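Q: how does the following fold in three dimensions:
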Amino acid sequence: MNVPTNSLVRAKMPLEMLLRSFFIATISSKKFLLIPALKLLSFFSKPGRSYLFNVDRNPVLHGILKKTFYNQFCAGESKQETKACCKSLTDLGFKGIILTFAKEMVFDHRNKAPEAPAEQAAKAETAATHDPVVEEWRVGTLATVDMIEKGDILALKTTGGGPAVGEAFHRGELPPQQMMDALDEIATKCKERGIQIIVDAESQYFQKGIARTSLELMRKFNREPTVVIYNTYQAYLKNQPKYLQQHLAEAEKDGFTLGLKLVRGAYILSDDRALIHDTKEDTDAAYNGIVEGALHQKLWDFGVSRPFPATNLFLASHNKHSLITAQRLQAQRESDGLPTVPIAFAQLHGMSDEVGFSLLKEQCADGKAPDVFKCSTWGSMGDCVAYLLRRAVENRDAVLRTKDEFNALKKEVWKRLGFGRS
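A: Numbers count the residues shown, from 1 in each chain. Alright, predicted model coming up:
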């Protein structure tokens, strides 16, 4: 695979994309601009705003955000926009796209209530045989499947199924049968088309039920040689090893492949802080420890005193050191004929291109580049602003270290405008 260098990628950027990237990098690399930008996104993300501050209804506000933050980090508000964006990302050399339908609920433990529009909450009738919110989510998710190709990945925000689904998840239960039927339909369609599914982690208020649902889907669809479903595990949670051990045990017992997508965590603004590791160093140690153990097939007692179950590892991170270290360890073990697990990588659309392209320059044991994906989301401006805020906060430390990217973009902009050397 002929992987373009970062400078060549920037040189091929359309001027509008280049200027937008430069604008975002300018904000991201300067703390005195980033902090107010995060506060502004937080303000706009709250439901129930008046017309003046409603990002979906105010055309001026919508237009400003669309041309800047939205287009930088999100795929589109329509099928046509989204498909065009996905193609532009794969044209840069990435293995494929991870695409999410942005609709979801976020529980803020400080307010003790899900952040869901009032009109959506009014539709919640847990005893109803047909929930229109679940149907809306099903239709939107199937539309997402139609926007991607074989080899791409669908990411699911399952709380998008609405209040009845969210309440079942909060109780640690499987969602209503209508939602389970929708998930089965979606997974079956993806399996037929060669598309994998990642069930995203969400607020801890809902996560116990989400994890139980993911486990049932893996049990059904992850039968060798096919792996369709990945569950997401958040390394910043103190209790995450407990749940991962439970899922490894289930995979060992029932003979399915565990789809292990590992992230650091994305809900630090809304989750109970006591559930999260005290320091970033603790989170990094937890993340890297799980990665190293999985790649050695020795994690807790699995692979030591009991068999290590079939596992596929997917690392979603902007931490270059973690990812390069993992890639080289996996390639070395394969070259040496030692047991390991398949691995793939992802970074967010609009962020950490330098990490993604650095990975693409690495080599697997077979001499090919690793599988590196770009993760994006599509949907209305209102749904996506909440997504943008979480991602910005999650990666606040990373974006504050974007001085090199900022300087490189500045150099390219100056050159395009005739102020720099060719």
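
Q: could you check which helix or strand contains T283?
A: Applying DSSP states H and E as the criterion places T283 in helix 280-296.

Q: show me what counts as buried in that helix.
A: Residues 283-284, 286-288, 290-291, 293-296 are the ones in helix 280-296 that count as buried (16 or more other Cβ atoms under 10 Å). (C-beta placed from N, C-alpha, C; glycine too.)

Q: most centrally placed residue in this structure?
A: Nearest to the mean C-alpha position of the chain, by Cα atoms, centre = their mean, lies C375 at 5.8 Å.

Q: gap between that residue and A344?
A: In this structure, C375 and A344 are 12 Å apart, going by Cβ to Cβ, to the nearest Å.

Q: ok, now E136?
A: Counting by Cβ to Cβ, the separation of E136 from A344 is 31 Å.

Q: who's more crowded, these two?
A: When E136 and A344 are compared for neighbours, A344 comes out ahead with 20 against 16, by other Cβ atoms under 10 Å.

Q: just to check, the more buried one is in contact with L315?
A: Yes: taking contact to mean Cβ atoms under 8 Å, the distance of 7.4 Å between A344 and L315 places them in contact.

Q: got the contact list for stretch 207-223?
A: Stretch 207-223 is touched from outside by 158-159, 168-175, 180, 183-184, 187, 191, 197, 199, 201-202, 228-229, 231-232, 243, 247, 250-251, 254-259, with contacts defined as Cβ atoms under 8 Å, 6 or more residues apart in numbering.

Q: buried subset of those residues?
A: Among the contacts of stretch 207-223, those classed as buried by neighbour count (16+ other Cβ under 10 Å) are 158-159, 168-170, 174-175, 180, 183, 187, 191, 197, 199, 201-202, 228-229, 231-232, 243, 247, 250-251, 256-259.

Q: among the residues you listed, which are in helices?
A: With DSSP state H as the criterion, helices contain 168-170, 180, 183, 187, 191, 243, 247, 250-251 from among the buried ones among the contacts of stretch 207-223.

Q: can you pick out the most distant pair from these?
A: When those are compared pair by pair using Cβ to Cβ, the farthest-apart members prove to be H170 and K191, with a separation of 29.2 Å.

Q: chain center to stretch 182-190, what's the gap?
A: 19 Å (Cα atoms, centre = their mean, to the nearest Å).

Q: quick one: contacts of that stretch?
A: By Cβ under 8 Å, 6+ apart, the list of residues contacting stretch 182-190 from outside reads 134, 137-138, 141-142, 145, 154, 156, 158, 161, 175, 196-197, 213, 217, 220-221, 228-229.

Q: buried only: go through those for me.
A: Among the contacts of stretch 182-190, those classed as buried by neighbour count (16+ other Cβ under 10 Å) are 134, 137-138, 141-142, 145, 154, 156, 158, 161, 175, 196-197, 213, 217, 221, 228-229.

Q: what about the residues you listed, which are in strands?
A: Within the buried ones among the contacts of stretch 182-190, membership in strands is found for 154, 156, 196-197, 229, as judged by DSSP state E.

Q: from those residues, which two are the most distant?
A: So, those by Cβ to Cβ: farthest apart are L156 and Q196, at 11.2 Å.

Q: and S376, what element?
A: Using DSSP H and E, the element containing S376 is strand 372-378.

Q: how many other residues sit next to A274?
A: With neighbours defined by other Cβ under 10 Å, the count for A274 comes to 8.

Q: so K238 makes contact with I276?
A: Yes: with contacts defined as Cβ under 8 Å, K238 counts as touching I276 at a distance of 7.0 Å.

Q: so for the two, which sits in the more crowded spot?
A: When neighbours are counted by other Cβ under 10 Å, I276 comes out ahead of the other of K238 and I276, with 18 against 14.

Q: and the more buried one, how far from G293?
A: As for I276, its distance to G293 is 21 Å (criterion: Cβ to Cβ).

Q: how about the helices in the stretch 1-150 of the chain?
A: Along the stretch 1-150 of the chain, the stretches classed as helices by DSSP state H, counting those that start in this stretch are 6-12, 15-28, 31-45, 59-65, 71-73, 79-90, 118-122, 132-147.

Q: so where's the protein uncertain?
A: For the chain, applying pLDDT under 70 flags the ranges 1-14, 45, 47-48, 51, 104-129, 390-405, 420-422.

Q: go again using 50 as the cut-off
A: In the predicted model, the chain carries pLDDT under 50 at residues 116-127, 422.

Q: the residue nearest to S352 when sequence neighbours are not counted and V263: what is the separation?
A: Spatial nearest neighbour of S352, chain neighbours left out: H318 (4.1 Å); criterion: Cβ to Cβ, 6 or more residues apart in numbering. Relative to V263, H318 is positioned 10 Å away (Cβ to Cβ).

Q: which one's more surrounded, the two?
A: Neighbours were tallied for H318 and for V263 using other Cβ under 10 Å; the higher tally belongs to H318 (22 against 19).
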